[in-house]
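S.K.: Prediction below, plus the sequence it came from.
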Amino acid sequence: MRRRLSLITMLTAWLLATGSHWDLLQTFAWGRMIATYSQSMSLTQAVKLTFTPDNVCGLCQSVSEAKQQMAPDTALPSEAKSFGKILLIFQPVAVFVPRGPVTAAWGWNHAVPAFRDRSPPPLPPPRAAV
């Protein structure tokens with residue numbers, strides 16, 4: 001129970017930190033708009049009308065304003081974009097797979113049969129008692 005609670009808390013914190021709650025609210029607003037418009041027109045027309053930029057509801061405007069306030073101006077100046085070379089610390093290393101000993105002398109002609117030390121099966125085979 002404690003592990004489940006910690007996972008739910010961590011997932012909620014991650015979603016809030018990345019701004020996914022605004023995406024969920026925007027999805028809810030679009031769904032509500034499609035449901036409202038589809039009562040008076042076909043579904044395809046309702047979807048087209050929902051996603052036109054001219055037809056924006058109050059909730060969509062609130063979400064776009066909140067996203068703009070949440071995102072700070074992190075754009076780098078053009079001269080800072082080409083600052084230098086990116087070094088990869090964890091570069092892949094060639095995999096070394098050792099080969100076993102070469103046994104060219106052992107081929108099909110020299111194979112030892114697996115049943116050499118076993119006795120042959122009894123004839124006829126034993127039957128299960130009913």
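M.R.: Looks like it came in fine.
S.K.: any low-confidence regions in the protein?
M.R.: In the predicted model, the chain carries pLDDT under 70 at residues 71-84, 87-88, 91-92, 99-117, 122, 125, 130.
S.K.: what about residue 29, how many neighbours?
M.R.: Residues near residue 29, counting by other Cβ atoms under 10 Å, number 19. The way it works is simple: take the backbone N, C-alpha and C, and place the C-beta from them, glycine included.
S.K.: tell me which element it falls in.
M.R.: helix 20-37 (DSSP states H and E).
S.K.: now the angle from the very next helix or strand once past that helix to helix 20-37?
M.R.: Downstream of helix 20-37, the first helix or strand assigned by DSSP H and E is helix 43-50. Helix 43-50 runs at 130 degrees relative to helix 20-37, counting by axes from the mean of the first three to the mean of the last three Cα atoms, to 10 degrees.
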